[in-house]
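**Student:** sequence plus predicted model, see below.
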Amino acid sequence: MNAPDPFPGLDEIESRLARWLPSQRWFAAKTQPITSVRILLRHTLAVTEEVRAEHLVVEVELGDASRQVYQVPLGFRATVGHALSAWTLPAASVDRESGRDPDVAYDGLHDPEVIGRYAALLTGDIAAGPFGVHLVEDPVEPVPGVTDGSGHEEWPTRGRALGAEQSNTSVVLGETLLLKMFRRLAPGINPDVELHRALGEAHSAQVARLRAWLDVPLHGARATAAMAQDFEPNAADGWSMALGSVRDLLVEADLYAGELGTDFAAESRRIGSAVADVHASLADRLGSRRTPLADTVAAMRRRLDSALGTVPELADLAPSIRSVFDAAAEGSTSVQRIHGDLHLGQVLRTPERWLLIDFEGEPAKTLEQRRTPDSPLRDIAGMIRSFDYAAHYPLSSTDMNGTASQREFRAREWAQRNADAFTDGYAAAYGRDPRDALPLLRAYELDKAVYEAVYETHHRPRWVALPLAAIRRLLDGVD
Ligand SMILES: Nc1ncnc2c1ncn2[C@@H]1O[C@H](COP(=O)(O)OP(=O)(O)O)[C@@H](O)[C@H]1O
Ligand SMILES: O=P(O)(O)O[C@H]1O[C@H](CO)[C@@H](O[C@H]2O[C@H](CO)[C@@H](O)[C@H](O)[C@H]2O)[C@H](O)[C@H]1O
């Protein structure tokens, strides 16, 4: 029996992608119209009677003439069932020549058949084509669950998409490996691979082991396309755990945070210690240097200026924010590679330890900015901001006891208690207390809150009040 027809016309798939991309969680340019989509790479991974799997790299041109590059793994089938129907591209027009309905195109990372083709790239079962396949040898800690001594040829190929769609799309292979497909591409190595690799070489217990990565050609260089790491099947993320603790506190509005069965402070302390361990390993493997704080503060000021165009509510607060920045501009500070976008959603509690995940840095920054050494205080401020987010996020729920001011008091108490425990844990493990540099720490907290106000305006407009209220609280605390 014949396999399905070759590709539909390029123009057609490009125009369908232009209509489909803006609704995808990982598509970053939500506020701009797409003016064109151009396919840079199209590689067929499999053609069977049922399904065709194609890997696309596309360049999207936006209304302001800027360009972004995305990876789009596509599946094509004659018909799709319920599970895939949420992931389909807009329908193609009827094929005039054959007179039959063309195949349905959909996001391939939600189809186990398509996922299996990417896994087969890792095991060497299919030709690599344009992909570079890089395997990380680790004889000391082989992939858990894979028979002792077996190599990558034995890795699982059955896969399922992970529930949460975020900046990228991750699939679980055989409940053993996590394969993350980067959505937005830039030439060069992705810091997620670079830092997981460095931390693996340092035998850090605070990250999942990197096992392999893929790259593809892009604009005359190579771009990291995907990475495979150990999957932790019994992990809970810090954001969900913290929210559980805050909700319990707000329901019991008469109890202090430390009296709760779900008090989170001991975990916050452990997270602090894990972050300190990662910072120490990164400085050890990749070095550190000093930088003038005037440059650091100038970058914060530029970010604030640009945020004013997106978040008009920041205008009244800007002079006070600038004063906090300027108070931190004297002297120099130590910079090194850091996580870059640390928050409670980036830490996973396994039965044994806390893991840091997702070392890509802030999605809005360029690859070069994300790879530039920065102060460890940026990560510490990111976590402190996240405790504040977790404490204030549930305040809008209706099933709470106590008055509004009592709940606000409890929320602040929870945020402070956990920020303190986190910083104590960090200081004990690192040997230096981040609060010794308080003006700079406060400047980083405000810088992060400004970033969050922009992020929320673009991605979750209903949440923007959270960072704005936090900025006001931070400024009140300074006066
Ligand atoms: N090693 C791991 N084991 C188990 N789950 C993981 C692991 N790494 C990440 N995850 C889960 O996958 C989700 C997406 O991972 P992340 O690296 O944050 O992707 P993204 O870049 O898309 O934000 C996380 O929220 C986490 O729940
Ligand atoms: O995880 P990502 O790399 O995609 O990070 C982005 O999205 C985060 C939201 O998921 C965002 O974090 C903000 O919201 C969190 C709660 O959902 C909160 O814990 C963080 O403190 C807050 O910054 C992150 O800033 C953004 O880069």
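**Tutor:** Great, that's in hand. Ligands and ions are numbered 1, 2, ... in the order given.
**Student:** which secondary structure element contains the residue nearest to R301 when sequence neighbours are not counted?
**Tutor:** Here the nearest residue to R301 in space, its sequence neighbours aside, is F325; by CB to CB, 6 or more residues apart in numbering that works out to 5.8 Å. C-beta: built from backbone N, CA, C; applies to glycine. Using DSSP states H and E, F325 falls within helix 318-326.
**Student:** the following helix or strand past that helix: how far from the chain's middle?
**Tutor:** Downstream of helix 318-326, the first helix or strand assigned by DSSP H and E is strand 332-336. Put simply, strand 332-336 sits 25 Å off its chain's centre (CA atoms, centre = their mean, to the nearest Å).
**Student:** tell me the helix or strand right after strand 332-336.
**Tutor:** Next helix or strand after strand 332-336 toward the C-terminus (DSSP H and E): strand 347-349.
**Student:** which of the residues in that next one are buried?
**Tutor:** For strand 347-349, the buried set under the neighbour-count rule, 16 or more other CB atoms under 10 Å, comprises V347, L348, R349.
**Student:** again, but for stretch 175-194
**Tutor:** By 16+ other CB under 10 Å, the buried positions in stretch 175-194 come out as 176-186, 188-194.
**Student:** of the residues you listed, which belong to helices?
**Tutor:** Per DSSP state H, helices hold the following members of the buried residues of stretch 175-194: P191, D192, V193, E194.
**Student:** now the third one: how far from L109?
**Tutor:** Distance of V193 to L109, computed by CB to CB, to the nearest Å: 18 Å.
**Student:** same thing with the last one?
**Tutor:** Plainly put, E194 is 23 Å away from L109 if you go by CB to CB.
**Student:** and the second one, by the same measure?
**Tutor:** Taken as CB to CB, the spacing of D192 relative to L109 amounts to 17 Å.
**Student:** okay, domains of this structure per the record?
**Tutor:** Annotated domains of the chain cover 10-108, 113-230, 236-476 [automatic domain parsing].
**Student:** quick one: residues contacting V37.
**Tutor:** E14, S15, L17, A18, L21, V58, E59, V60, E61 (CB atoms under 8 Å, 6 or more residues apart in numbering).
**Student:** again, but for W463
**Tutor:** Residues in contact with W463 (CB under 8 Å, 6+ apart) are E456.
**Student:** point out where the stretch 151-300 of the chain drops to low pLDDT.
**Tutor:** For the stretch 151-300 of the chain, residues meeting the criterion pLDDT under 70 lie at 164-165.
**Student:** that one: helices as residue ranges?
**Tutor:** 191-201, 238-251, 265-286, 293-308 (DSSP state H, counting those that start in this stretch).
**Student:** which of these sits closest to ligand 1?
**Tutor:** Checking the helices of the stretch 151-300 of the chain against ligand 1 by CB to the nearest ligand atom gives helix 191-201 as the closest, at 7.0 Å.
**Student:** show me which residues of the stretch 251-400 of the chain sit near ligand 1.
**Tutor:** Contact residues (CB under 6 Å from any ligand atom) of the stretch 251-400 of the chain with ligand 1: L348, I357, D358, E360.
**Student:** biggest separation within those, which pair?
**Tutor:** Farthest pair in these (CB to CB) is L348 and E360. Separation: 15.5 Å.
**Student:** if we can go back for a sec, of the contacts of V37, which pair is most distant in space?
**Tutor:** For the contacts of V37, the maximum inter-member distance is 14.5 Å, found between S15 and E59 (CB to CB).
**Student:** from the stretch 1-150 of the chain, which residue is nearest to ligand 2?
**Tutor:** W26 (9.0 Å).
**Student:** longest strand of this protein?
**Tutor:** The single longest strand within the chain, with elements called by DSSP state E, is strand 34-47.
**Student:** would E352 count as being in a helix?
**Tutor:** No. Read with DSSP: H, G, I helix; E, B strand; the rest coil, E352 is coil and lies in no helix.
**Student:** could I get the pLDDT score of it?
**Tutor:** Per-residue pLDDT puts E352 at 96.
**Student:** quick check: phi and psi on the residue of the stretch 51-200 of the chain found nearest ligand 2?
**Tutor:** Nearest residue of the stretch 51-200 of the chain to ligand 2: S167, at 4.2 Å (CB to the nearest ligand atom). Here is the backbone geometry of S167 (degrees, to the nearest 10): phi -70, psi -30.
**Student:** hang on, isn't it packed against R183?
**Tutor:** Yes. Between S167 and R183 there is a contact under CB atoms under 8 Å: 6.7 Å.
**Student:** so does the lengthiest helix in the chain get close to ligand 2?
**Tutor:** For the chain, the helix with the greatest residue count under DSSP H is helix 404-430. No. Against ligand 2, helix 404-430 shows no contacts by CB under 6 Å from any ligand atom, the least distance being 10.9 Å.
**Student:** please name every helix or strand in contact with that helix.
**Tutor:** Applying 3 or more CB pairs under 8 Å, 6 or more residues apart in numbering; DSSP states H and E, we find helix 404-430 packed against helix 238-251, helix 265-286, helix 376-392.
**Student:** roughly how far does the nearest residue to P376 once chain neighbours are set aside sit from A128?
**Tutor:** Using CB to CB, 6+ apart and skipping the chain neighbours, the partner closest in space to P376 is H279 (4.7 Å). Separation of H279 from A128 (CB to CB) stands at 36 Å.
**Student:** what about the two, which has more around it?
**Tutor:** A count of neighbours by other CB atoms under 10 Å puts H279 above the other of H279 and A128, at 21 against 12.
**Student:** OK, contacts around the more buried one?
**Tutor:** Applying CB under 8 Å, 6+ apart, the residues near H279 are Q336, I338, P376, D379, Y430.
**Student:** drop anything exposed from the residues you listed.
**Tutor:** The neighbour count (16+ other CB under 10 Å) marks Q336, I338, P376, D379, Y430 as buried among the contacts of H279.
**Student:** nearest to ligand 2, of these?
**Tutor:** The closest of those to ligand 2 turns out to be D379 (CB to the nearest ligand atom; 11.7 Å).
**Student:** count of neighbours near the residue lying closest to that closest one once chain neighbours are set aside?
**Tutor:** In space, and not counting its chain neighbours, D379 is closest to L342: 4.2 Å by CB to CB, 6+ apart. Applying other CB under 10 Å, we find 27 other residues in the vicinity of L342.
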